[in-house]
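S.K.: turn this into a structure:
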Amino acid sequence: MLDIKFIRDNPEIVKENIRKKFQEEKLPLVDQVIALDAENRAAISEAQALRTERKSLSKEVGKLMGQAKKDPSKLEEAEALKTRVTAQADRLSELEKKETELAEEIRKILLVIPNIIDPSVPIGPDDSCNVEVQRFGEATVPEFEIPYHTEIMESFGGIDLEAAGRVSGSGFYYLLGDIARLHEAVLAYGRDFMIGKGFTYAIPPFMIHGNVVEGVMSQTDMDAMMYKIEGEDLYLIGTSEHSMIGRFIDQILPGDSLPQTLTSYSPCFRKEKGSHGIEERGVYRIHQFEKQEMIVVCRPEDSKDWYEKLWQYSVELFRSMNIPVRQLECCSGDLADLKVKSCDIEAWSPRQQKYFEVCSCSNLGDAQARRLKIRYRDADGKIQLCHTLNNTCVAPPRMLIAFLENNLQPDGSVVIPEVLRPYMGGKERLEKV
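M.R.: The predicted structure is shown next:
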């Protein structure tokens, strides 16, 4: 969310940013919110003047009432002033109501106007314009045929989609045996990997209030993703970033406590389920999954450096499990409205012979902090807004697709990389059942 003063002082910059995001339908909102802001400031100014005058008149009335005991003519003058004070009270009540209504209208518009993107973001209308930056590891295609990921899991007796369909419907799964164990091993390894980078491990609430949802994401994303608890002001989280950033709502953090670097585990619940062809079936897009996340709350001047560190951690993590990856820079039209800059880390799928997303790293600038009032006190004692960032550490079972395909052997077994063996009871490979 942008500062209204910034919009007021830089309307053309805000409009150009909207054009870069290919959201021309939002252009009228800039002039609209500036007009509402002017009206609101005029109401505030008039109300303040009335309060000052009322205070003065009230004192004068008191003075005249005291004088009326000796001079009855003063009583008439006092009554006239009382009438004026009453009229001002009515007007002040109207202005205060108007201020509240205008402030709410302004906030609604500010929630829709997109954040200013970083100058380095490539310009394009959708994800087809995302730009590959670099690759890590050799993307190879083995000579033997690689089955679909659910078939690989079934070969180890590791998944039951049919039973999940009976119990919960499509978009759910049972993981069993070594595949379930591998799922947890990857999460545990991701946790310890991030702890080794100096991050604090956290398990957050899995449900959050509506004002926190509004603070961490756009209304469009909220409607598409979030499950609401009927009859309560609670939503199931779509990622632990939501509740982890919400932890700092309405807080003024000591400057020396920054950066806050956290790695959080949670189940994630999402309405959306892909229906874009064969690669969307199985456990690629689902309603429920688990994830280890990276969260950073820092000073504004440090957020660019943290952005670079976060996506590089993802590369290091996946390469340690023998998975080739690439970094893909998200273009302007593919950025959510709160984001300043974002990139995806995509894993190589030797079966599909293409890359697919496994991590998403984002710098949100002060957008979430402004909405949630997350601030810090700098060295001069001045209150400043923090910057927030997030990145996926690991998100099985999607991440398992890349893992199984890239570590599958001709005989159908799967090699367990050294880094995961301690979490798998020392197992060196998975053998077909």
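S.K.: CA only for contacts and neighbour counts going forward, please
M.R.: Fine.
S.K.: doesn't residue 396 belong to a strand?
M.R.: No - if the criterion is DSSP: H, G, I helix; E, B strand; the rest coil, then residue 396 is coil and not within a strand.
S.K.: state the number of residues packed around it.
M.R.: For residue 396, the neighbour count with other C-alpha atoms under 10 Å is 21.
S.K.: so who does it touch?
M.R.: Contact analysis of residue 396 by C-alpha atoms under 8 Å, 6 or more residues apart in numbering lists 183, 186-187, 289-291.
S.K.: what is the closest residue to residue 430 other than its chain neighbours paired to in the beta sheet?
M.R.: Take residue 430 and drop its neighbours on the chain: the residue closest to it by C-alpha to C-alpha, 6 or more residues apart in numbering is residue 414, 5.0 Å away. Assessed by DSSP bridges, residue 414 has beta-bridge partners residue 408, residue 430.
S.K.: pretty sure residue 414 is touching residue 402, no?
M.R.: No - contact between residue 414 and residue 402 fails when scored by C-alpha atoms under 8 Å: they sit 11.9 Å apart.
S.K.: more neighbours: which of these two?
M.R.: Remark: of residue 414 and residue 402, residue 402 carries more neighbours, 29 against 21, as counted by other C-alpha under 10 Å.
S.K.: what average pLDDT does the host helix or strand of the more buried one get?
M.R.: Per DSSP states H and E, residue 402 falls inside helix 398-407. Averaged across helix 398-407, pLDDT comes to 94.
S.K.: now stretch 206-219
M.R.: Across stretch 206-219, the average pLDDT comes to 92.
S.K.: list the buried residues for it?
M.R.: Residues 206-209, 212-218 are the ones in stretch 206-219 that count as buried (16 or more other C-alpha atoms under 10 Å).
S.K.: how near is the residue nearest to residue 430 to residue 201?
M.R.: Using C-alpha to C-alpha, to the nearest Å, residue 414 is found at 30 Å from residue 201.
S.K.: and the pLDDT at the residue nearest to residue 171 when sequence neighbours are not counted?
M.R.: Ranked by C-alpha to C-alpha, 6+ apart and with sequence neighbours excluded, the top spatial neighbour of residue 171 is residue 286, at 4.4 Å. Residue 286 carries a pLDDT value of 86.
S.K.: thought residue 286 was touching residue 169?
M.R.: No - counting by C-alpha under 8 Å, residue 169 is not a contact partner of residue 286; they are 10.8 Å apart.
S.K.: more neighbours: these two, which one.
M.R.: Set residue 286 next to residue 169 and count neighbours by other C-alpha under 10 Å: residue 286 wins out with 22 against 13.
S.K.: which element is the more buried one on?
M.R.: Using DSSP H and E, residue 286 sits in no helix or strand.
S.K.: from residue 311, how far off is it?
M.R.: Distance, residue 286 to residue 311, by C-alpha to C-alpha: 24 Å.
S.K.: with residue 163 instead?
M.R.: Look at residue 163 and residue 311: by C-alpha to C-alpha, they are 37 Å apart.
S.K.: neighbours around residue 422, how many?
M.R.: Neighbour tally, residue 422, other C-alpha under 10 Å: 13.
S.K.: model confidence for it, exactly?
M.R.: 97.
S.K.: all the strands of the stretch 151-300 of the chain, residue numbers only.
M.R.: With strands called from DSSP state E, counting those that start in this stretch, the stretch 151-300 of the chain shows them at 159-160, 174-175, 200-202, 207-208, 227-228, 235-236, 252-254, 260-269, 288-298.
S.K.: picking that back up, who has more neighbours, residue 163 and residue 311?
M.R.: Using other C-alpha under 10 Å as the criterion, residue 163 and residue 311 rank with residue 311 on top: 25 against 13.
S.K.: tell me which helix or strand the more buried one sits in.
M.R.: Using DSSP H and E, residue 311 sits in helix 303-319.
S.K.: poorly predicted segments of the chain, please.
M.R.: Residue ranges of the chain with pLDDT under 70: 54-88, 272-281.
S.K.: can we see that at 90?
M.R.: Scanning the chain for pLDDT under 90 picks out 1, 45-96, 169-171, 217-226, 271-287, 379, 396-398, 432-433.
S.K.: show me where it has helices.
M.R.: 4-9, 11-20, 27-67, 73-110, 149-155, 161-167, 177-196, 210-216, 219-225, 240-246, 303-319, 367-372, 398-407 (DSSP state H).
S.K.: as JSON lines, those with distance to residue 419 would be great.
M.R.: Formatted as JSON lines, the helices of the chain follow (distance: least, C-alpha to C-alpha, whole Å):
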{"stretch": "helix 4-9", "distance to residue 419": "49"}
{"stretch": "helix 11-20", "distance to residue 419": "43"}
{"stretch": "helix 27-67", "distance to residue 419": "51"}
{"stretch": "helix 73-110", "distance to residue 419": "46"}
{"stretch": "helix 149-155", "distance to residue 419": "21"}
{"stretch": "helix 161-167", "distance to residue 419": "29"}
{"stretch": "helix 177-196", "distance to residue 419": "8"}
{"stretch": "helix 210-216", "distance to residue 419": "34"}
{"stretch": "helix 219-225", "distance to residue 419": "34"}
{"stretch": "helix 240-246", "distance to residue 419": "25"}
{"stretch": "helix 303-319", "distance to residue 419": "10"}
{"stretch": "helix 367-372", "distance to residue 419": "35"}
{"stretch": "helix 398-407", "distance to residue 419": "13"}
